[in-house]
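Peer 1: take this sequence and fold it.
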Amino acid sequence: MFDILWRGLAIGAGATILMDFWAIVLAKVFGQPPANWAPVGRWFWHLRRGKVFHDNIADAEPYEHELALGWISHYAVGILYGVIFAIIMGQAWLAAPTFLPAWIFGIVTVGAGWFLLQPGLGLGWAAAKHPKPMKVRCFNLLAHTVFALGLYGMALILR
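Peer 2: Predicted coordinates:
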């Protein structure tokens, strides 16, 4: 079990790093604004008070270290996803990784963003209140596909 856990931790961290690298490429090459993890940090900070959903996270009481907490939360969730995925898939997949299960899992994880985080930030279900909800959804699916490539690629490296 320890082997599955450390591999899950590594593939989750590696997949999150690849996802962030992808965001840098989008920003530098295509002018896509980079992710701002401060609102996510503020959202996580307010969870301790039991407040999950906000009309607009910008109106919530600020937290001095929200950007740092946002980055930490981003990596903690990515690593947790990697551990969960490794546990679900087990030693057989870790010994001979294939892309399809990683991609399915990556797409499934979009659901947490669409149905928990985005409504929690005040963006509505699947960013429905965003000025360009379909653009957000497409970029979410693309980012989580890159995350899936990271899960698969790290598993190949570690096998």
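
Peer 1: could you use CA atoms for every contact and neighbour count after this?
Peer 2: OK.

Peer 1: all helices of this structure, in order?
Peer 2: 2-30, 38-47, 66-95, 99-112, 118-121, 133-158 (DSSP state H).

Peer 1: closest one to residue 55 among those helices?
Peer 2: Nearest to residue 55, of all the helices of the chain, is helix 118-121, at 7.2 Å by CA to CA.

Peer 1: residues making contact with that closest one?
Peer 2: Surrounding helix 118-121, the residues in contact under the criterion CA atoms under 8 Å, 6 or more residues apart in numbering are 39-40, 43, 52-57, 124-127.

Peer 1: buried members of those into ChimeraX, please.
Peer 2: Selecting only the buried entries of the contacts of helix 118-121 in ChimeraX, with 16 or more other CA atoms under 10 Å as the criterion:
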select :39,40,43,52,53,54,57,124,125,126,127
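
Peer 1: distance to residue 157 added to the contacts of helix 118-121, as JSON lines?
Peer 2: As requested, the contacts of helix 118-121 are arranged in JSON lines below (distance: CA to CA, whole Å):
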{"residue": "39", "distance to residue 157": "34"}
{"residue": "40", "distance to residue 157": "31"}
{"residue": "43", "distance to residue 157": "34"}
{"residue": "52", "distance to residue 157": "38"}
{"residue": "53", "distance to residue 157": "39"}
{"residue": "54", "distance to residue 157": "41"}
{"residue": "55", "distance to residue 157": "43"}
{"residue": "56", "distance to residue 157": "41"}
{"residue": "57", "distance to residue 157": "39"}
{"residue": "124", "distance to residue 157": "38"}
{"residue": "125", "distance to residue 157": "36"}
{"residue": "126", "distance to residue 157": "33"}
{"residue": "127", "distance to residue 157": "35"}
